[in-house]
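1. show me the folded form of this:
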Amino acid sequence: QVQLMESGGGLVQSGGSLSLSCAASGSIFSINAMGWYRQAPGEQRELVASVTGGDIPSYADSVKGRFTIHRGGAKNVVYLQMHSLNPEDTAVYYCYADIRDSNWRAHYYWGQGTQVTVSS
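-> I've put the predicted structure just below:
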């Protein structure tokens, strides 16, 4: 089993910054990708940013230029730095990991979610 432990989030004023981190632990053969989704009340969960095992990032158009994702530690930790936050960024942010086993089958895991609230 794999566990994802998130930290960060909280309340910030519009224009401010926050950072999130997520550490994967447990039985990990290979991490194919890690990233963050978010879900606002009444909305569908959307992909915010992800980074591949080769450290190639990708971003939703709504956060490009404001958010930065990168991996650290023994590559089992993913960080999301969020700048120029606005109220539309308010949501529960969920870390996810695409973990591959020795047969390269994909297994997806989720963090418990962390609240990000941006006040106007």
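2. and the residue of the chain positioned farthest from its centre, how far from residue 45?
-> Taking C-alpha atoms, centre = their mean, the residue of the chain most remote from its mean C-alpha position is residue 103, at 25.6 Å. Noted for residue 103: a distance of 28 Å to residue 45, by C-beta to C-beta, to the nearest Å. Yep, even glycine has a C-beta here, placed from its N, CA and C like the rest.
3. how long is stretch 76-92 end to end?
-> Stretch 76-92 has its terminal residues 21 Å apart, counting by C-alpha to C-alpha, to the nearest Å.
4. now swap in stretch 81-96 and tell me
-> 16 Å.
5. buried sites along it?
-> The neighbour-count check on stretch 81-96 (16 or more other C-beta atoms under 10 Å) flags 81, 82, 85, 89, 90, 91, 92, 93, 94, 95, 96 as buried.
6. okay, those residues in CSV with distance to residue 115 next?
-> Listed next are the buried residues of stretch 81-96 as CSV, based on distance: C-beta to C-beta, whole Å:
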residue, distance to residue 115
81, 17
82, 13
85, 13
89, 12
90, 8
91, 8
92, 6
93, 8
94, 11
95, 13
96, 17
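7. which two of the residues you listed have the greatest separation?
-> By the measure C-beta to C-beta, 85 and 96 form the most distant pair in the buried residues of stretch 81-96, at 20.9 Å.
8. tell me the contacts of the residue most central in space within the chain?
-> Against the mean C-alpha coordinate of the chain, by C-alpha atoms, centre = their mean, the closest residue is residue 36 at 2.4 Å. If a contact means C-beta atoms under 8 Å, 6 or more residues apart in numbering, then residue 36 has 20, 22, 47-50, 69, 78, 80, 93-96 as its contacts.
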